[in-house]
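In: Based on what follows, work out the 3D shape:
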Amino acid sequence: MLTLILSDYLLQHFDKQSKVPCNRQLYQLLRHAILEHVLPVDAKLPSSRDLATELQISRNTVLYAYEQLLAEGYVAGRSGSGTFVTDTVPDAVALKSKLVTAVPKDEPIAPMLSQRGQQLVKYAGAAPQQWGAFVPGVPDVTQFPHRTWSRLQNKVWQNPLPTTLTYAHGGGHLPLRVALAEHLKMARSVDCVPEQVVITTGIHQSIDLCMRLLGDPGDLAWVEDPCYWGARNLLRASGLNIRPVRVDAEGLCPDAEDFKAVPRFIFVSPSHQYPLGMVMSLARRRLLLEYAKQHGCWIIEDDYDSEFRYVGRPLASLQGLDHANRVLYMGTFSKTLFPGLRLGYLVLPLALVKPFVVGMEELHRAGNVPVQATLAEFMAQGFFTSHIRHMRTLYAARLSLLQEAIAQRFDPKVVKPTGSDAGLHLALKLPAHCDDVAIVRAAAQAGVAVRPLSSYYHDASQAERGLVLGYACVQEPHIAPAFDVLAGVIERYL
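Out: Numbers count the residues shown, from 1 in each chain. Purely as a prediction, here's the structure:
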């Protein structure tokens, strides 16, 4: 017969009408009774038959609960004697040690983080809103040919090989690397073979790999000022010393003071500087390549959205001019297809491919081969090229509408659009007295999402004031009305 305490406990909480199956429910109640010392150590459990009778349930239900408790170590069977509660109380000395160093519940989380973790969280820039007017850097995902993609994906899944469903190796799905190398040679003048391509989850993972495999804490990195906040944050979190280098109309513009200390890394977006949009001149490109060659620097080329150029042909990559193997070329499908795909790529000098592949597999256990295989088919059959061509036309029209809306509301000598012939965004420079952070907050309250230009600078207090507007994900009829709302906010701060 059950002890009175356990009997009352089970009869009070056991509910045959519950959606939780009876066997699972009984297991959970007995486990809770053990953990809360309703059943003390060495207490003998009633026989399965007696417990079943007491609760008016089947014996198999009780046997399931007992077997689960036995498997997890809450109870142990003693031959010929029955089933007893085991001693699972932590060692008193160890427990006392842990309690002394325990963090109070109301203490902030930040002190618990490493210095690297605190840096990462402190300067985090990812926004919660990733769709709508005028979220920067987001393509129009509603235009993605999902039916075509679904058909190709179904083909991949019809009879997948075991190698398609296990961990990836060798830098990614080979047919994708072949298709990507061919595309980059034709569209971006990248000098590469498929063996040089390593598939990643995007720009952030590509940067992280470069930092982990080629950099050490304390190394110096040049970054454009302003630059993409995500890149700067990753470099900072990797323990690198960041030197912001100003940009002008020709791109990165290092001065004599910058050249005094040789950097390990030079991080640039030469084909469409982020966020201001200028193109690095040929003279500056040659200067950087020669400097990197002489001093052994690594140039990290971020080619994030250069497929979308609306005046003339897309510009050639910096990597295509590199004859000393000092450029690491990064790209992503987040802008050309959709961010949720989480696929990007690195084009590396051949000597770096093997260590980077090993590093990828050790750090991240690469996979996602079915998606890579689908993308390979998507590219090989020409759908990727046709999609880019379609989106280029669409985004050019949206950019034109936004430019017209800006011109109708503001004097270009006061509010100056920049970076207006490529990409998915433009920057709107404001007078120095404007508080762009306050404008962003007020615009958000009015239903429009933009980013403050000052947040892209290394030192926001010394930054130019302005806004970064993404137009790619805003449908044509909504552009002018949304900008009217934003313009009303801006005018309050001019």
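In: For the stretch 201-350 of the chain, which segments count as strands?
Out: In the stretch 201-350 of the chain, strands defined by DSSP state E, counting those that start in this stretch lie at 220-225, 241-248, 251-252, 265-268, 298-302, 327-332, 344-347, listed in chain order.
In: Val448: which of those is closest?
Out: Judged by CB to CB, the one of these that comes nearest to Val448 is strand 327-332, at 25.8 Å. Every residue, glycine included, has its C-beta placed from N, CA and C.
In: Partner strands of the closest one, with direction?
Out: The pairing partners recorded for strand 327-332 under DSSP bridges are strand 298-302 (parallel), strand 344-347 (antiparallel).
In: Pipe these into TSV and attach mean pLDDT per row.
Out: Formatted as TSV, the strands paired with strand 327-332 follow (pLDDT from 0 to 100):
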stretch	mean pLDDT
strand 298-302	97
strand 344-347	96
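In: quick one: which of those is nearest Ile490?
Out: Closest among the strands paired with strand 327-332, once you apply CB to CB, is strand 298-302, at 29.2 Å.
In: just the CA coordinates of the closest one, formatted as CSV?
Out: The C-alpha coordinates for strand 298-302 follow below in CSV (Å, rounded to 0.1, in the frame of the first residue of the first chain):
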residue,chain,number,x,y,z
TRP,A,298,45.4,40.9,-46.2
ILE,A,299,42.7,42.9,-48.1
ILE,A,300,39.2,41.8,-47.3
GLU,A,301,36.9,42.8,-50.2
ASP,A,302,33.3,43.0,-49.3
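In: between it and strand 220-225, how big is the angle?
Out: 30 degrees (axes from the mean of the first three to the mean of the last three CA atoms, to 10 degrees).
In: I'd like the distance from strand 298-302 to the chain centre, please.
Out: Centroid separation for strand 298-302 versus its chain: 19 Å, with CA atoms, centre = their mean, to the nearest Å.
In: Need the contact partners of it.
Out: With contacts defined as CB atoms under 8 Å, 6 or more residues apart in numbering, strand 298-302 is touched by 203, 207, 210, 214, 228, 231, 264-270, 274, 288-289, 292, 317-319, 322, 326-330.
In: about what we covered before: can you check which of the strands of the stretch 201-350 of the chain gets nearest to Gln56?
Out: With respect to Gln56, and counting by CB to CB, the nearest of those is strand 344-347 at 60.4 Å.
In: Determine the next helix or strand in the C-terminal direction from the closest one.
Out: helix 350-364 (DSSP states H and E).
In: Next secondary structure element downstream of the helix or strand of the chain with the lowest mean pLDDT?
Out: Lowest on mean pLDDT, DSSP states H and E among the helices and strands of the chain sits helix 92-100, with a mean of 52. Counting by DSSP H and E, the next helix or strand C-terminal to helix 92-100 is helix 115-122.
In: hmm, back to that, using TSV, lay out the strands paired with strand 327-332 together with distance to Gly367.
Out: Output for the strands paired with strand 327-332, formatted as TSV (distance: least, CB to CB, whole Å):
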stretch	distance to Gly367
strand 298-302	25
strand 344-347	15
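In: Output those strands in JSON lines; the columns should cover mean neighbour count.
Out: Formatted as JSON lines, those follow (neighbours: other CB atoms under 10 Å):
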{"stretch": "strand 298-302", "mean neighbour count": "25"}
{"stretch": "strand 344-347", "mean neighbour count": "25"}
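In: And the residue nearest to Gly340 when sequence neighbours are not counted, how far from Thr53?
Out: Using CB to CB, 6 or more residues apart in numbering and skipping residues adjacent in sequence, the residue nearest Gly340 is Val141, 7.6 Å away. In this view, Val141 and Thr53 are 61 Å apart by CB to CB, to the nearest Å.
In: and if you look at Leu494?
Out: 83 Å.
In: Same check on His32?
Out: From His32 across to Thr53, the span is 22 Å (CB to CB).
In: Repeat that for Thr61.
Out: In terms of CB to CB, Thr61 sits 12 Å off from Thr53.
In: if we look at the sheet, which residues does Thr418 bridge to?
Out: Ala427.
In: Contact partners for it?
Out: Thr418 makes contact with 276-278, 426-429 under the criterion CB under 8 Å, 6+ apart.
In: And for Asp303?
Out: Shown in contact with Asp303 (CB under 8 Å, 6+ apart): 188, 269, 271, 317, 329-331.
In: what's the closest of those residues to Ala460?
Out: Ser269 (19.8 Å).
In: Contacts only, for that closest one.
Out: Counting by CB under 8 Å, 6+ apart, Ser269 has contacts 224, 227-228, 301-304.
In: ditto for Phe333
Out: Contacts here follow CB under 8 Å, 6+ apart; on that basis Phe333 touches 341, 343-344, 375.
In: Give me the pLDDT value at Thr164.
Out: The confidence metric pLDDT takes the value 87 at Thr164.
In: Skipping adjacent residues, who's closest to it in space?
Out: Here the residue nearest Thr164, using CB to CB, 6+ apart, is Val369, at 4.9 Å.
In: surely the one you found meets Leu174?
Out: No. Val369 is beyond contact range of Leu174, at 10.3 Å (criterion: CB atoms under 8 Å).
In: more crowded one of the two?
Out: Here Val369 and Leu174 are compared on neighbour count by other CB atoms under 10 Å; more neighbours surround Val369, at 23 against 16.
In: Would you mind splitting this protein into its domains for me?
Out: Taking automatic domain parsing as the criterion, the chain consists of the domains 4-85, 119-123+146-382, 386-491.
In: Relative to Trp131, which of the ones you listed is closest?
Out: domain 386-491 (6.0 Å).
In: Tell me the gap between that closest one and the middle of its chain.
Out: Here domain 386-491 is found 24 Å from its chain centre; the criterion is CA atoms, centre = their mean.
In: repeat for stretch 72-87
Out: 48 Å.
In: Please apply the same query to stretch 165-173.
Out: Using CA atoms, centre = their mean, the offset of stretch 165-173 from its chain centre is 20 Å.
In: contacts for it?
Out: Taking CB under 8 Å, 6+ apart as the rule, stretch 165-173 contacts 177, 195, 197-199, 345, 353, 356-357, 360-361, 365-370, 372-373, 376.
In: what about 10 Å?
Out: 157, 163-164, 177, 179-180, 194-200, 343, 345-346, 348, 353-354, 356-358, 360-361, 364-376 (CB atoms under 10 Å, 6 or more residues apart in numbering).
In: now those residues: which count as buried?
Out: Buried subset of the contacts of stretch 165-173 (neighbour count, 16 or more other CB atoms under 10 Å): 177, 179-180, 194-200, 343, 345-346, 348, 353, 356-357, 360, 366, 368-369, 371-376.
In: Looking at those residues, which are in helices?
Out: 177, 179-180, 353, 356-357, 360, 369, 371-376 (DSSP state H).
In: and Gly466, what is it in contact with?
Out: 226, 275-276, 415-418, 427-431, 434, 436, 439, 450-454, 456 are the contacts of Gly466 under CB under 10 Å, 6+ apart.
In: low-scoring pLDDT stretches of this protein, where are they?
Out: 1-3, 89-110 (pLDDT under 70).
In: How about Phe483, nearest residue that isn't a chain neighbour?
Out: Computed as CB to CB, 6+ apart, the closest residue to Phe483 that is not its neighbour in sequence is Ala405, at 4.1 Å.
In: sec struct for the one you found, please.
Out: helix (DSSP: H, G, I helix; E, B strand; the rest coil).
In: That one reaches Glu476, doesn't it?
Out: No. With contact defined as CB atoms under 10 Å, Ala405 does not reach Glu476; the gap is 11.2 Å.
In: the more surrounded of those two?
Out: In this view Ala405 and Glu476 are compared by other CB under 10 Å, and Ala405 has more residues nearby, 19 against 13.
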